[in-house]
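> Let's see this in three dimensions:
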Amino acid sequence: MTAWQQDKADLSATEKRWVDKARAGDRLAFEKLYRSHCDRIHALCWRMCGGDRALAEDMVQEAFVRAWNKLELFKGDSKFGTWLHRVTVNVVLSDRRIRIKRLKREQAFSDDIERVQVGERNVFAGLRKDLEAAIAGLPERARTVLILYDVEGYQHQEIADMTGMAVGSSKAQLHRARKMVREVLQDSDSI
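Residues are numbered from 1 along each chain as shown. Prediction:
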């Protein structure tokens, strides 16, 4: 076994001990889990929230609260980080559904216009030239599929299961998102 493999095995065993202690109510052990995963979870939330930092921070907090409350459901069949990642995706998607329902009650939408707002700001306002800005400017469904498929590595069936959309819709949203990102990046290059 190489030194790298040994370090990885040691880290995995350490993380398993932290999980076991956290399940028993040890908050310090859970804090160690938090510290080892918070950056990755924040990056995921930030992307899924279209670059809205405040919303992403709320989602990170909610994801870790949910993980603490649901820790007994973690079976250990996968790495803790994988399970936490899935919990986080579910938290963000659930929040999005709630926000959309609230917005629909507050405003009448015409059937031909898709909602492209995150929080209180229009994600198409003030686009920057970089890729993150192009992704942040996507409609929520397209952005979600693009991030889950291209950035996080989920398959279309997994995305369909998480989001409640058909596999074909997931594929169509991915195609749409990639096309829109290319167009935004090409437009910004011509400026």
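
> Which neighbouring elements make contact with the helix ranked longest in the chain?
If you go by DSSP state H, the chain has its longest helix at helix 80-106. Applying 3 or more CB pairs under 8 Å, 6 or more residues apart in numbering; DSSP states H and E, one finds that helix 80-106 contacts helix 3-23, helix 27-48, helix 53-69, helix 140-146, helix 156-163. All C-beta atoms are positioned from the backbone trio N, CA, C, and that covers glycine.

> Any chance of the ones you listed in JSON lines with mean neighbour count as columns?
As requested, the helices and strands packed on helix 80-106 are exported to JSON lines (neighbours: other CB atoms under 10 Å):
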{"stretch": "helix 3-23", "mean neighbour count": "13"}
{"stretch": "helix 27-48", "mean neighbour count": "17"}
{"stretch": "helix 53-69", "mean neighbour count": "17"}
{"stretch": "helix 140-146", "mean neighbour count": "23"}
{"stretch": "helix 156-163", "mean neighbour count": "17"}
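
> Flag the shaky bits of the protein, pLDDT-wise.
1-11, 105-130, 188-191 (pLDDT under 70).

> Could you list the domains of it?
Here the domain parsing of the chain from automatic domain parsing is 1-108, 120-191.

> So which of the helices and strands packed on helix 80-106 is nearest residue 173?
Proximity to residue 173 (CB to CB) singles out helix 140-146 among the helices and strands packed on helix 80-106, at 4.1 Å.

> what's the closest one packed up against?
In terms of contacts (3+ CB pairs under 8 Å, 6+ apart), helix 140-146 is packed against helix 27-48, helix 80-106, helix 131-136, helix 156-163, helix 167-189.

> Rebuild those helices as JSON lines, extending it with distance to residue 59.
Conversion of the helices and strands packed on helix 140-146 to JSON lines gives the following (distance: least, CB to CB, whole Å):
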{"stretch": "helix 27-48", "distance to residue 59": "4"}
{"stretch": "helix 80-106", "distance to residue 59": "5"}
{"stretch": "helix 131-136", "distance to residue 59": "15"}
{"stretch": "helix 156-163", "distance to residue 59": "15"}
{"stretch": "helix 167-189", "distance to residue 59": "20"}
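
> does residue 57 really touch residue 42, like I thought?
Yes - assessed by CB atoms under 8 Å, residue 57 is found in contact with residue 42 at 7.4 Å.

> quick revisit: as CSV, the helices and strands packed on helix 80-106 with distance to residue 84 would be great.
Compiled in CSV, those are given as follows (distance: least, CB to CB, whole Å):
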stretch, distance to residue 84
helix 3-23, 10
helix 27-48, 6
helix 53-69, 6
helix 140-146, 18
helix 156-163, 14
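
> Nearest to residue 186 among these would be which one?
Across those, closest to residue 186 is helix 140-146 (CB to CB), at 16.8 Å.

> Identify all contacting residues around the closest one.
Residues outside helix 140-146 that contact it (CB atoms under 8 Å, 6 or more residues apart in numbering) are 47-48, 50, 93, 96, 100, 114-116, 118, 135-136, 138, 159, 163, 165, 170, 173-174, 176-178, 180-181.
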